[in-house]
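S.K.: Pasting the sequence and the predicted model now:
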Amino acid sequence: MTAEVVSVDERVDDGVRLRRVRYPGADGAMVPALLWQPAAGPASAPAVVLQHGANTSKEDYYIQAPARRWAKHGWTVLAIDLAEHGERAAAAPTDPLVRRRLIGKPDFVTRSIGDLSAGIDVLAATEGVDPARIGYVGFSLGGMLGTVFAAREPRVAAAAIVIAGSFAYTRYWERGATAEERRRRRAAAAATDPAFFAGAIAPRPFLMVNTVDDPIFPRQAVETLFAAAQEPKELRWRPGTHHQWGAGIYRDVFAFLQEALAASRS
C-alpha cells in the first residue's frame, strides 16, 4: 500500500530531522504523528514505532528523548497520538482511569491497530527505511496494545513492551450478574487482552521490561503476560515505579532492538 503522508512542518536540530506529519488511519481520519530521522539521511536502516501510554502523547519527554537518540544512531522513529490522546483528544477526562480502560474496548483496539498498521505503511515507504527491520516499542497502554498489534502485524520484526502486563490472572471476564454479561465480558477480553495474543508474536523476538514497584502492573500481571508469550522472549526487571524509572530501561530496549533488528535482516 502506498502511504499518503501530509507534511505539516519540518525542522533540523542537532543532527536530527523532525517532521510533523499526518496520514490516513483506520477509519480514514488523519493520524497526527512525529517522524524522526538522521539529518544526513539514512542508508537502509531500521525503523521503530514508539508508542505512548494512557493520558500522555507523542509530545511527552519519555517518547521524544529516546526517539532523538535513536535517530542520531541512524534509525527512523515514528510516534503517533492514539485515539482520545494528544491532538486527537476531544477533552481531558477528569478521571485518568477513563483512558487506561480503553484497552478493554474492542472498538478502540481495532481502530488503534489500523492506525498503527497504516503507520507501518508510512515507515515502509520512507526513504532510508529497511521495511524488513521495523520494530515496536510501547509503554503501558501502548505496551498492552502493542502486544495485540505485533501479534496481528507480521511486518513488526521485534517488539519491546515496557511497564505493561495483563490482568487475565484475575479472570475479570467472569464478573457479571448474568450469563449474558459474562459472555460479553469474555468476548471483549478475547478481543483486547494482550495475554490472548502474545503467543502469536513468535518466532519474532519479544522483550518485556518492568519496574519492581509498579502499583498499576504488579508482578502477577507482568508474569501472566510473559507466560503467554512464546520463545524467543525475555523479561527484565528494573528499579522504579509506573511513572518513574531510570535510564536502564532505555538501555535494555535499545540493546534488544540493535540485536533483533540486525538479525532480522538475514
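M.R.: Good, I have the coordinates. Numbering: from 1, shown residues only.
S.K.: Got phi/psi on residue 24?
M.R.: phi -70, psi 130 (degrees, to the nearest 10).
S.K.: burial measure for the residue lying closest to it once chain neighbours are set aside, as a count.
M.R.: Among residues not flanking residue 24 along the chain, residue 4 sits closest, at 5.8 Å (Cβ to Cβ, 6 or more residues apart in numbering). In this view, the C-beta of every residue, glycine as well, is placed from N, C-alpha and C. Counted with other Cβ atoms under 10 Å, the burial measure for residue 4 works out to 13 neighbours.
S.K.: Residue 4 reaches residue 25, doesn't it?
M.R.: No: using Cβ atoms under 8 Å, residue 4 is not in contact with residue 25; the gap is 10.9 Å.
S.K.: in this protein, which helix or strand is least confident?
M.R.: helix 97-100 (a mean of 88; mean pLDDT, DSSP states H and E).
S.K.: If we go by neighbour counts, what in that one is buried?
M.R.: Across helix 97-100, burial judged by 16 or more other Cβ atoms under 10 Å covers 99-100.
S.K.: CA-only coordinates of it in PDB, if you can.
M.R.: This file holds the C-alpha atoms of helix 97-100, laid out as PDB (Å, rounded to 0.1, in the frame of the first residue of the first chain):
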ATOM      1  CA  LEU A  97      -8.800   5.600  34.500                       C
ATOM      2  CA  VAL A  98     -11.100   6.600  31.600                       C
ATOM      3  CA  ARG A  99      -8.100   6.300  29.200                       C
ATOM      4  CA  ARG A 100      -6.500   3.400  31.000                       C
END
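S.K.: where exactly do the helices run in the stretch 101-250 of the chain?
M.R.: With DSSP state H, counting those that start in this stretch, the ranges of helices along the stretch 101-250 of the chain come out as 106-124, 141-152, 179-192, 219-228, 248-263.
S.K.: If you count contacts, what does the longest one end up packed against?
M.R.: The reference is to helix 106-124. Contacts defined by 3 or more Cβ pairs under 8 Å, 6 or more residues apart in numbering; DSSP states H and E place helix 106-124 against strand 16-24, strand 30-38, strand 45-51, strand 76-80, strand 129-139, helix 141-152, helix 179-192.
S.K.: Tell me the secondary structure of the residue nearest to residue 24, please.
M.R.: Recorded secondary structure, residue 4: coil (DSSP: H, G, I helix; E, B strand; the rest coil).
S.K.: ok, now how distant is it from residue 122?
M.R.: 9 Å (Cβ to Cβ, to the nearest Å).
S.K.: Name the residues contacting each of these two.
M.R.: By Cβ atoms under 8 Å, 6 or more residues apart in numbering, residue 4 and residue 122 have these common neighbours: residue 23.
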